[in-house]
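> Give the three-dimensional model of this entry:
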Amino acid sequence: MPEDTAPPSEHGSINPMAPAYVARQALQALIESQIERGKETFDSLSAAAHHAYATNMKNVDEYGKKLIEVGQRDSDDVFDCWRRLLVAKSPAEMIEVWTSHAPRQLQSISNRTGELWALLSRMATEAAKPVTNGAANPALK
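This is a model prediction of the structure:
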């Protein structure tokens, strides 16, 4: 009989008290629990990755729409200024149109830059949530 198997009991079955049998059962239980824990961790990471991807795609779409909106407003302002410059009747009127347009345009650019930075900050915070939540998940430690 090989050394790593348990001797049969009086009923012909394996003696559950044999050391090799007990060690094998303990090892099998340990392996099964680690496999189950690995599956749970994988499922958790997979769900977090899916959520992060979906959130990031939504945010990228929102940012793209915001950039288009900003570009449209800038274009409208520039064309409005050019229309007013083209209908100006004197050089003094042209200077007045330009000098009134420039500060408004700078203020507008400053405001839109703030809007875009706020959106980017929110996007970065949302993108980091799955990582932060995953690090806090005891199954991942």
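> Point to the residue nearest the middle of the chain.
Ala127 (3.0 Å; CA atoms, centre = their mean).
> Tell me how far that residue lies from Lys58.
Note on Ala127: its distance to Lys58, by CB to CB, to the nearest Å, is 11 Å. (Each C-beta comes from the backbone N, C-alpha and C, glycine too.)
> Give me the three-state assignment for Arg112.
Assigned with DSSP: H, G, I helix; E, B strand; the rest coil, Arg112 falls in the helix class.
> Now the nearest residue to it once chain neighbours are set aside: phi and psi?
Spatial nearest neighbour of Arg112, excluding adjacent residues (CB to CB, 6 or more residues apart in numbering): Val70 at 4.8 Å. With angles defined as degrees, to the nearest 10, Val70 sits at phi -60, psi -40.
> Just to check, Val70 is in contact with Leu116?
Yes. Look at Val70 against Leu116 with CB atoms under 8 Å: they come within range, at 7.0 Å.
> Who has more neighbours out of these two?
Using other CB atoms under 10 Å as the criterion, Val70 and Leu116 rank with Val70 on top: 17 against 14.
> List the contacts of the more buried one.
Residues in contact with Val70 (CB atoms under 8 Å, 6 or more residues apart in numbering) are 112, 115-116.
> No more questions from me, cheers.
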